[in-house]
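>>> Could you look at this predicted model? Sequence included:
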Amino acid sequence: MTRNEIADVLGEIAVLLELQGENPFKVRAYQAGARVLESLEESELDRLAKAGELQSVKGIGEALAKKIAELHATGRLDYYEKLKASIEPGLIEMLQIPGLGPKKIRALHEKLGIADIAGLTAACAAGRVAELDGFGDKTQEKILAGIKNREAYGRRHRWWEAAAVAEPIVAGLRSLPQVRRAEAAGSLRRGLETVGDLDFIVASAEPGPVVAWFTSLAQVREVTARGDTKASVRFEGGLQADLRIVPEEQFAFALHHFTGSKDHNVQMRQRALSRGLSLSEWGLAAAEGEASVKEKVAGGGLPAGTEREIFALLGLHFIPPELREGLGEIEAAERGELPRLVELGDLRGAFHNHTSASDGHGSLEEMAEAAAALGWEYLGIADHSKASFQANGLSEERLLAQVAQIRSLNASRRLKTHLFAGVECDVLADGRLDFEDGILAQLDYVVASVHNALGQDEATMTARIIRGIENPRTTMVGHLTGRLLLRREASRVDVGKVIDAAIARGVVIELNAHPQRLDMDWRHWRKAAERGLLCSINPDAHAPSDLEYVRAGINSARKGWLTRGQVLNTRPLPEIKAWLGARGSGRASPA
DNA sequence: GCCGTTTTCGGCCCGACTGTTTTCAGTCG
């Protein structure tokens, strides 16, 4: 089994244990184990499993190590099979209903014999749920509404679309006279590729009008909670948003709390405790005594007006929001070894862009102008190759005509942006490229991408991509796994092996910044770049305005701990020309 | 189930809101 498949099993075990009413810390241990596995590389898992050293990974103890080793070696786990068989499958689905957790589901199952959502619907309709101890009319109504809207509510949302909803709301909050500060926190601020809900943190001494403004936004379909300092709403399309209003002196603590992932926050609080301090969204105060952090802060906490000051109080350098995933950032911040992350303003161009010659909407000139408007020095044109018939892929003749057109545009000096002539060349099912060497030799660079036979088994797909990498004309690999976020799963690829091959050949791997792709996944970048892999952040633009997708790509690059030096398209034009030139001449033409 | 410059046992982050309750459990983040 691959590490992701094993992680899924561990995650399922956590859900099953939760439904059984197991110790919540045991549940958390399985969840943590699943996350740790996801951040491991396949080859590292192989090595650790073979050497019997899984326990050396933090978060994996004796029991998890045994289970992971069994899954890795045999693809089965007796413990899991037995656990699964002992629990009604319909109960798991019921966890998706807002307001229903393991305890209530157990009560419904034990007292009313409810085993699935259909049974639950019927029991609610008959009024039997409201009669249970601990339940009531409102709970019953909420459950029915939750079942009805389950699909929309359960869905995650791509970062780009969530940001488009959140940004005007932040601006609106900041324009209110009662509001001193306002930020969107949560996974949106961490730049995660998908976002479950929005979190708005506001500093205000007068929360009433802010809650009123927020809950009466035009796009609000339902107000699910409304208190003095907190409100929750659902927008059209099911996106949920929480608003929290705090006094200004608490703002930095609340912003930090609601930005960090669960793991990051747990680690930060543990760090505070190890220094005799207690940390929460309320503030930071001495840990001794029975009182809550809130009460301690009221009696005199340590002040912090910014997150930077909070980190400093705990002996840490500032940790950018994108890194707050609990994946080693706190240790690095302690040692002063956090990288200086790449920024949007560092980009000088991008390499994977389409025009109306294939399936884009924009001429060479229009694309070049859009790049110039972003302050870019260069833009790489990489239209589809002929095998991508569905995308109007270019024949040899059309491609060479485009190359001539690009050369002539550059020579005319009419454009502020230098155009590079490339192609997004299909990696055919057997790993050959879609164009012969004689054609590819006339280009400035080649993006090699898989577009068909996405369902190949892992070994075949991995060998196919590596063969593509081994072609001396390949400059970079496009959207490595072919995933479409929330729409299509990634192809099965041994990413570690592909990374090794790319490093060995000096081939770049793209971080495709299209909001639906963000591929290669940020979780691979840190280790890959440390080992010498070079990244190119490419918008995969199909229209001039799509160049802005690099914003999403920068998020993922930062989550992958990438620095400017590790991203090819931060280099200025003369360096890029030299780099591409050296590659071209330094590589013997194939036999 | 994990973990340990206090530890191999006893902790494990902490608080708001809701709905159901006469003081709190469950859920959520």
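Arrived safely.

>>> By proximity to DNA strand B, which residue of chain A wins?
Among all residues of chain A, A:G136 sits closest to DNA strand B, at 1.9 Å; criterion: CB to the nearest atom of the strand. (C-beta placed from N, C-alpha, C; glycine too.)

>>> Which secondary structure element is home to the residue nearest to that residue when sequence neighbours are not counted?
Nearest residue to A:G136 in three dimensions, chain neighbours excluded: A:A130, at 5.7 Å (CB to CB, 6 or more residues apart in numbering). Of the helices and strands defined by DSSP states H and E, none includes A:A130.

>>> Report the separation between the residue of chain A closest to DNA strand B and A:S491.
For A:G136, the distance to A:S491 equals 49 Å [CB to CB, to the nearest Å].

>>> okay, the two: which has more neighbours?
Per other CB atoms under 10 Å, whichever of A:G136 and A:S491 has more neighbours is A:S491, with 22 against 13.

>>> Any stretches of the stretch 201-350 of chain A with poor pLDDT?
Applying pLDDT under 70 to the stretch 201-350 of chain A flags the ranges A:289-291.

>>> swap the cut-off to 80 and go again
A:236-238, A:287-300 (pLDDT under 80).

>>> what residues does it put near DNA strand B?
By the criterion of CB under 7 Å from any atom of the strand, the positions of the stretch 201-350 of chain A lying close to DNA strand B are A:225-230, A:240, A:242, A:258, A:262, A:265-266, A:269-270, A:273-274, A:278-282, A:287, A:292-294.

>>> Now do the closest residue to A:G134 other than its chain neighbours, the pLDDT please.
With sequence-adjacent residues excluded and distances taken as CB to CB, 6+ apart, A:G134 is closest to A:A107, at 6.7 Å. In this model, A:A107 is scored at 89, pLDDT.

>>> Likewise for A:R487?
So, for A:R487, pLDDT stands at 68.

>>> What of the one 5 residues further on?
The score at A:R492 is 85. That number is its pLDDT.

>>> Unless I'm misreading it, it sits right up against A:T460, doesn't it?
No. The criterion here is CB atoms under 8 Å, and A:R492 misses it with A:T460 at 9.0 Å.

>>> More neighbours: these two, which one.
A:R492 (18 against 15).

>>> Look at the more buried one and tell me its secondary structure.
coil (DSSP: H, G, I helix; E, B strand; the rest coil).

>>> One more: A:R221?
strand.

>>> now A:S187
A:S187 ends up helix, using three-state DSSP.

>>> thought A:A368 was touching A:I406?
No. Using CB under 8 Å, A:A368 is not in contact with A:I406; the gap is 9.5 Å.

>>> List the contacts of stretch A:144-161.
Contacts with stretch A:144-161, where a contact means CB atoms under 8 Å, 6 or more residues apart in numbering, come from A:96-100, A:117, A:120-121, A:124-125, A:188, A:191-196, A:234, A:237-240, A:485-486, A:515-516, A:518, A:549, A:552, A:555.

>>> cool, and stretch A:74-89?
A:1, A:9, A:12-13, A:16-17, A:19-20, A:67, A:70-71, A:109, A:115-116.

>>> Filter those residues down to the ones in helices?
A:V9, A:E12, A:I13, A:L16, A:L17, A:L19, A:K67, A:E70, A:L71, A:H109 (DSSP state H).

>>> Show me which pair in those residues is furthest apart.
Greatest spatial distance in the ones in helices among the contacts of stretch A:74-89: A:E70 and A:H109, 29.5 Å, computed using CB to CB.

>>> Spatially nearest residue to A:K58 (excluding sequence neighbours)?
A:V36 (7.2 Å).

>>> tell me which element the one you found falls in.
helix A:24-38.

>>> what about A:I537, which SS state?
Here A:I537 is strand, with the state taken from three-state DSSP.

>>> That one - how many residues pack around it?
28.

>>> That one touches A:V567, doesn't it?
Yes. The pair A:I537 / A:V567 is scored as a contact, 5.8 Å apart, by CB under 8 Å.
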